[in-house]
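**Q** Provided below for reference: sequence and predicted model.
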Amino acid sequence: MAGRDIIRQRLADEVGTIVKDAAQRIALLYPSPYHVGMSSLGFQTIYREINGRPGWSAERAFLPDDVDAQRNAGAPLCSYESQRPVSDFPLLAFSVAYEIELAGVIQLLELSGVPVLAEDRDGRHPLVLAGGPLTNSNPLPLAPFADAILMGEADETIHRALDLLAEAESREDALALLAAEIDSCYVPSLHGETLPSLGQCEDARLPAWSAIRTPHTELSDMFLIETERGCSRGCKYCVMRRSTNGGMRIVPMERILELVPQDAPKVGLVGAAVSDHPKVVELVEQLSAGGRRVSLSSLRPDRLKAPFVAALRKAGGRVLTTALDASSQRLRDTIDRRAREDQLLRVAQLAREHRFAHLKLYMMVGLPDETDADIDELVRFGTELSRIVPVALGIAPFVAKRNTPLDGAPFAGLKTVEARLSRLRRGLRGRVDIRATSSRWAWVEYELAQGGAAAGLAVLDAVRAGGRFADYRRAFEATPAERRRRTLRVVA
């Protein structure tokens, strides 16, 4: 099926698409394919916020499913709503979730025919604005490609930015206004590598919720809505720890229920600590009472008591998912993640009692000070859990992030991570299903999470060389570490 045919089919299957003709038009770009972008609550929220403004419209564009095919066809990258070339829009707004998506930013700009580097653009080209979850940690590798970056929460600042852009008489004027008038707007050409503070919206603007439901995502036909924003817990590896406006901000249950469409068959409750909502059990029960399936983005083992697990099963849950975080209790204590073995054993018992297909546990390997003894403890505990209920481990190599207490912690190394995973697989073979993300791409993520603008330029070299891991390794090795990793400075 041709690209435009795919777009038309996806649009026909959507519920809630906003088609609007307005004087001021924005292309809202997501640097991953459609099925990923449409699962992003932040992306959907900004789409809804812009289209809710009189005189403004936002049209979506995504990284093509097959970038090479799009490039070889020579067809311009077009928006979904009107199928206009993205290069025709005066403003391109990117939502970037995590470091690896920087390659998608570069590819989208290339496919649009827009100069990739901000320094090569002038008044003839669209202005490139960026934001998204990445800005909560380290947006510096994005700096060579964006004219301006809205840091932190953009629910409010996007409106202020659009007001200023409408006033501006030139590109230079627009960037000067953004830098002067929005405390959380980072303009690399003016700020260098000094970052402003993170934006924080007023609590009255909460929650975020999705504008569109579509079957063409992993969260098929699901309506997404926040239950809380931020987190009151202090996990040392997490960017959202004790975050923004004094910690976790709770959305009243009544407000959540009021916003859920009557015809939504599935509801996704989203947040960094959904299970910490004081009325989460009642909320799940009320949503499922109408026949809806309910999914939650984050479950803490200390919150998974019998009534909660029963509500999740009644709401259509088949897999009970929570966090193990580290391979041993010693490491969990070190990172201030206080999940205990007795809690996880109780969760396994509840999963069996309520007939969940299996218990899925997310965790990291390669944490600072991890040893083979920690892995052996996980082998022992995983075996114990597997005697109660089928167990699956979802494992990611640890990547230190800026704005966390573990900022600057070294990457464990490819050989070390692979050796730990091999030891774990041998110890749990035939008892626990183990699925691990790539240690190679985790290393790339680490270089970007800890890097500066030079690390972003290395990604440009890697993408243009083919985008394989070997291309990234060569690009990073060609850029001295002292240039890749600059001291992060923040203006409070």
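**A** That came in fine, so what should we check first?
**Q** Show the contacting residues for residue 253.
**A** 277, 279, 282, 283, 286 (Cβ atoms under 8 Å, 6 or more residues apart in numbering). In short, each C-beta sits where N, CA and C put it, glycine included.
**Q** The same query, at a cut-off of 6 Å, please.
**A** Contact analysis of residue 253 by Cβ atoms under 6 Å, 6 or more residues apart in numbering lists 279, 283.
**Q** Got the confidence number for residue 219?
**A** Reading off the confidence values, residue 219 has pLDDT 88.
**Q** you'd agree it is in a strand?
**A** No: counting by DSSP: H, G, I helix; E, B strand; the rest coil, one finds residue 219 to be coil, located in no strand.
**Q** number of nearby residues for the residue lying closest to it once chain neighbours are set aside?
**A** Excluding the flanking residues, the one nearest residue 219 by Cβ to Cβ, 6 or more residues apart in numbering is residue 39, at 4.9 Å. Counted by other Cβ atoms under 10 Å, the residues lying close to residue 39 total 20.
**Q** what helix or strand is residue 39 on?
**A** Secondary structure assignment for residue 39, by DSSP states H and E: no helix or strand.
**Q** What separation is there between it and residue 456?
**A** 25 Å (Cβ to Cβ, to the nearest Å).
**Q** end-to-end on stretch 29-41?
**A** End-to-end distance of stretch 29-41 (Cα to Cα, to the nearest Å): 14 Å.
**Q** let me fix that: stretch 15-32
**A** Terminal residues of stretch 15-32 are spaced 21 Å apart (Cα to Cα).
**Q** So what's the gap between that stretch and the chain middle?
**A** Relative to its chain's centre, stretch 15-32 lies at 20 Å (Cα atoms, centre = their mean, to the nearest Å).
**Q** could you give me the average pLDDT of it?
**A** Computed over stretch 15-32, the average pLDDT equals 96.
**Q** buried sites along that stretch?
**A** By 16 or more other Cβ atoms under 10 Å, the buried positions in stretch 15-32 come out as 17, 18, 20, 24, 25, 26, 27, 28, 29, 30, 31, 32.
**Q** who touches the last one in this structure?
**A** The contact partners of residue 32, taken as Cβ under 6 Å, 6+ apart, are 63, 101, 104.
**Q** Mind putting those residues into a markdown table with secondary structure?
**A** As requested, those are exported to a markdown table (three-state DSSP):
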| residue | secondary structure |
| --- | --- |
| 63 | coil |
| 101 | helix |
| 104 | helix |
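**Q** Now those residues in JSON lines, please, with extra columns for pLDDT.
**A** Rendered in JSON lines, the data for these read as follows (pLDDT from 0 to 100):
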{"residue": "63", "pLDDT": "97"}
{"residue": "101", "pLDDT": "98"}
{"residue": "104", "pLDDT": "98"}
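**Q** just curious, which of these is nearest to residue 375?
**A** The closest of these to residue 375 turns out to be residue 101 (Cβ to Cβ; 30.7 Å).
**Q** Helix, strand, or coil at residue 368?
**A** Per three-state DSSP, residue 368 ends up coil.
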